[in-house]
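Participant: please work out how this folds:
(chains A and B)
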There are 2 protein chains.
Amino acid sequence: MPVITSVAVEDVRFPTSLTSDGSDAMNKDGDYSAAYVIVRTDAMDSLGAPLAGYGLTFTIGRGNDIVAAAALQQARHLVGKDVAQIAADMGGLYRFLTSDSQFRWLGPEKGVVHLSLSAVMNAAWDLVARFEGKPLWRLLADKSPEELVDIADLRYLSDALTREEAISILRPMEASRADRVAVLERRGYPVYTTSAGWLGYSDEKLRHLCQEAVDTGYGHVKLKVGANLEEDVRRVKIAREVIGPDRHLMIDANQVWDVDEAIEWVQALAEFKPLWIEEPTSPDDILGHAKIRKAVAPIGVATGEHCHNRVMFKQFLQAEAIDFLQLDTGRLASINEILAVLLLAKKFGIPVCPHAGGVGLCEMVQHISVFDYVAVSGDLSGRVTEFVDHLHENFTAPCVVSEQVPGEGVGYVLPSQPGYSTQMHNASIAEFRFPDGTYWAQANPCSVESARDESGVDA
Amino acid sequence: MPVITSVAVEDVRFPTSLTSDGSDAMNKDGDYSAAYVIVRTDAMDSLGAPLAGYGLTFTIGRGNDIVAAAALQQARHLVGKDVAQIAADMGGLYRFLTSDSQFRWLGPEKGVVHLSLSAVMNAAWDLVARFEGKPLWRLLADKSPEELVDIADLRYLSDALTREEAISILRPMEASRADRVAVLERRGYPVYTTSAGWLGYSDEKLRHLCQEAVDTGYGHVKLKVGANLEEDVRRVKIAREVIGPDRHLMIDANQVWDVDEAIEWVQALAEFKPLWIEEPTSPDDILGHAKIRKAVAPIGVATGEHCHNRVMFKQFLQAEAIDFLQLDTGRLASINEILAVLLLAKKFGIPVCPHAGGVGLCEMVQHISVFDYVAVSGDLSGRVTEFVDHLHENFTAPCVVSEQVPGEGVGYVLPSQPGYSTQMHNASIAEFRFPDGTYWAQANPCSVESARDESGVDA
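Facilitator: Numbers count the residues shown, from 1 in each chain, chains lettered A, B, ... in the order given. Reported below is the predicted structural model:
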């Protein structure tokens, strides 16, 4: 029986700040990064390669080392464990890793220790799916309602969702799972693109990228807003002109506004009929989102990429604060917590449109969205999952999006390889490991790091 | 003019798990710890000692090194700064340290990077108060309403509290500040004790400690509950018997219950008339606390030691979810954020009863409560600040509690030495620095650390 023999964590950073990829009103200079966990075993997989699990969480640069250090402390508890036993009780593994009360104090269930737990558990899920020889979405879709509910972290949720309710949500979908797999095999899971609308791009580049999105078959385009209202009006107008009245346009403020400011700003862009305003204010402000939602309807409110755990999502749903739930696979503590959130969303009738982009998030969310449709929501209406075409070349089984059926829109092609699609190329790690990878050693990280010190003199 | 020349961060851990000090239903084996920041300058203070600032945040053991690592990354931005300039614009320093969007991603404003920011800013506040030669409460109480509001972090709060409202809260209290200082100089700031009621203590020890609290003059005693209902009934009954009907009894569940479970459990203890139930469920569950509060009235609901930022406190107040606001000086990002929360609480008419205990929290909260009464709330009714008699001997100017006026109850004696009372003895650091202090080196930290690995085999 395979046993986990060692763990390792890598701090991998890509210099995306150099190109304004990923720039928005809150995050002007992110270097997309991964705290990347490797869980090694003493066995070989079905393809004759060493059986291992690879998982990550996403950050935007400085502090990625802090997350990596926390992940290593959590991951070392995996060493010596039997892979088959873990595979049979992923709920137990999750509870074990979250039962360290000393570590829990540092959150609880939020911030660095929750990001790092996500990376570790993502690696464990990747390992288990590889061990079973299935892509992760398939591994989950092959489980019974009871098995899935045993995996889900339902703690603190019972006032909104009991174990029995969770099973009663999953049960009616069970017999028809195969039908929905067939639907997705034909057309993929619907996606939208954010690649067009980063704040750092020129009007010309924005126009060109919007047109490219239309030509590629996208039905949705998302723009970053919130730095300057006059510019936002101009940019959103351009995007609406290019995509026409029938495609969807979303706007994303990345938390820059206070509540009433958000309402005023969004109302000033209402004429361009955005489908949603994303992250209008602090990601912690449940009641603020509820107020904004009432004021800007019929424009929807979307948030979740910084929503730190299932207790917060429970309240966003209870308070009727959101129209679209954008969970993040590197911020929630892996499948165990995501499953609870999918079930909550289904109960409250809110579509889950996961956040992606960054590093590896697209690779993960495709599994989540496919599983959600197949086993939980059973519904594609109003659902669209983010896709950003950055950094996929660093993964051994990168996600693929395409318009498989002309006129039906672009979708994530169903992942077919065993695992969670989270393995990076060794060459990518060797190049972008911080600070000693070949890229950073050559770029002189000392000068990169000191840039902020200098900018701080005037701040 | 003094300039900051260097910073250092120490990982200091006390082996409190050996004595069950601090044990509760969630946290059974905490080793009370501090991520301790030292900010050194090139000058001497008014007493002829090197001018420096000392600040900390509190954790309960494992992961304290993670917080320390984050604090070091934030603190190094202080090097080279002019102390007088910092002292004149602490709002600017706070905004500068919180403006690193890459680091912000790791929260935002929560978890490890917010704990570490608290430690760094606490050290900066200690430094500034020493530079001005005043205890921190006095430094703040000497500032104008406009100066205080410039310091307060009001971001994301304007739907509940505008800058103008904040000034209009502080203005009417200004002329009478000296009167309230005189009140506190006479009787101290009211405290309650938690030292009696840790879960790990025997009934005999509980009874003895409750009697000791009564004999010392305490009007409030707090017990930990939540592990076992039958035992809780027995223990709470003992405490009520010992303290009699007129003193206050509080109970603290440390987040162990789901919402409806909390309601049932508290109702089963209602006959013993607790003043409040503290942390009945997840600290993130604003709406859950509101539901519990409605159900268990007239028993009050208290929370805050894990409330991670001002946006959460805003919502606890907006949702009418709490009767007592228990902010934590190591979890909120120092005076800048605490000031915003004091102002919010005043606006909503909720008393602030800060969380303390741990390491150094008592030393800090005395400054907060004194300032709150003198300049913000102007009211002592319904207010009582936590005091736990652990680990004070490690501080150079430990807090002092006593019954200065017989029959008026125990209070924190007003701190008189310059600073935030957060400096530890060098000898304490040398003994308890982890893992190389003399205590830990002798205790063999390898075996301490591996204890959890072994316990995990059966988990």
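
Participant: near chain B, which residues of the stretch 301-450 of chain A?
Facilitator: Counting by Cβ under 8 Å from any Cβ of the partner chain, the positions of the stretch 301-450 of chain A adjacent to chain B are A:306, A:308-309, A:311-312, A:314-315, A:318-319. Any C-beta I mention is one placed from the backbone N, CA and C, and that applies to glycine too.

Participant: so which of the residues you listed comes closest to residue B:196?
Facilitator: residue A:311 (30.8 Å; Cβ to Cβ).

Participant: state the mean pLDDT of the strand or helix carrying that closest one.
Facilitator: Residue A:311 belongs to helix A:310-318 when elements are defined using DSSP states H and E. The average pLDDT within helix A:310-318 is 98.

Participant: could I get the buried residue list for it?
Facilitator: A:310-318 (16 or more other Cβ atoms under 10 Å in any protein chain shown).

Participant: stretch A:136-152 now?
Facilitator: Buried, per 16+ other Cβ under 10 Å, within stretch A:136-152: A:136-141, A:143, A:145, A:148-152.

Participant: that one near chain B at all?
Facilitator: No - Stretch A:136-152 stays clear of chain B (Cβ under 8 Å from any Cβ), getting no nearer than 14.3 Å.

Participant: and that stretch, end to end?
Facilitator: 15 Å (Cα to Cα, to the nearest Å).

Participant: point me to the residue of chain A nearest chain B.
Facilitator: residue A:111 (1.4 Å; Cβ to the nearest Cβ).

Participant: so who does the closest residue in space to that residue that isn't next to it in sequence touch?
Facilitator: Spatial nearest neighbour of residue A:111, chain neighbours left out: residue B:111 (1.4 Å); criterion: Cβ to Cβ, 6 or more residues apart in numbering or on different chains. Neighbour list for residue B:111: A:106-107, A:110-114, A:308, B:308 [criterion: Cβ atoms under 8 Å, 6 or more residues apart in numbering or on different chains].

Participant: could you let me know which of those residues ends up closest to residue A:190?
Facilitator: After measuring those against residue A:190 - Cβ to Cβ - the closest member comes out as residue A:308, at 26.6 Å.

Participant: next helix or strand past the host helix or strand of residue A:119?
Facilitator: Assigned by DSSP H and E, residue A:119 belongs to helix A:112-132. For helix A:112-132, the following helix or strand on the C-terminal side (DSSP H and E) is helix A:136-141.

Participant: which secondary structure elements does that following helix contact?
Facilitator: In terms of contacts (3 or more Cβ pairs under 8 Å, 6 or more residues apart in numbering or on different chains; DSSP states H and E), helix A:136-141 is packed against helix A:112-132, helix A:334-348, helix A:361-371.

Participant: change it to 7 Å
Facilitator: In this structure, helix A:136-141 makes packing contacts with helix A:112-132, helix A:361-371, judged by 3 or more Cβ pairs under 7 Å, 6 or more residues apart in numbering or on different chains; DSSP states H and E.

Participant: so can I have CSV of these showing mean neighbour count, mean pLDDT and distance to residue B:9?
Facilitator: Listed next are the helices and strands packed on helix A:136-141 as CSV, based on neighbours: other Cβ atoms under 10 Å in any protein chain shown; pLDDT from 0 to 100; distance: least, Cβ to Cβ, whole Å:
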stretch, mean neighbour count, mean pLDDT, distance to residue B:9
helix A:112-132, 28, 98, 16
helix A:361-371, 29, 98, 32
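
Participant: quick check: which of those helices is nearest to residue A:78?
Facilitator: Of all the helices and strands packed on helix A:136-141, it is helix A:112-132 that lies closest to residue A:78, at 6.8 Å by Cβ to Cβ.

Participant: for the closest one, name the packing helices and strands.
Facilitator: Using 3+ Cβ pairs under 7 Å, 6+ apart: helix A:112-132 touches strand A:33-44, strand A:50-59, helix A:64-75, helix A:83-88, helix A:90-97, helix A:136-141, helix A:334-348, helix B:112-132.

Participant: residue contacts, residue A:335?
Facilitator: Counting by Cβ atoms under 7 Å, 6 or more residues apart in numbering or on different chains, residue A:335 makes contact with A:125, A:140, A:151.

Participant: can you rerun that using 10 Å?
Facilitator: A:90, A:94, A:121-122, A:124-125, A:128-129, A:136, A:139-140, A:148, A:151-153, A:329, A:342, A:364, A:367-368, A:371, A:420 (Cβ atoms under 10 Å, 6 or more residues apart in numbering or on different chains).

Participant: out of the helices and strands in chain A, which is least certain?
Facilitator: helix A:445-455 (a mean of 43; mean pLDDT, DSSP states H and E).

Participant: where do the helices sit along the stretch 201-350 of chain A?
Facilitator: A:203-216, A:229-243, A:259-268, A:286-296, A:310-318, A:334-348 (DSSP state H, counting those that start in this stretch).

Participant: can you check which of these gets nearest to residue A:81?
Facilitator: It is, among the helices of the stretch 201-350 of chain A and with distance given as Cβ to Cβ, helix A:334-348, at 15.9 Å.
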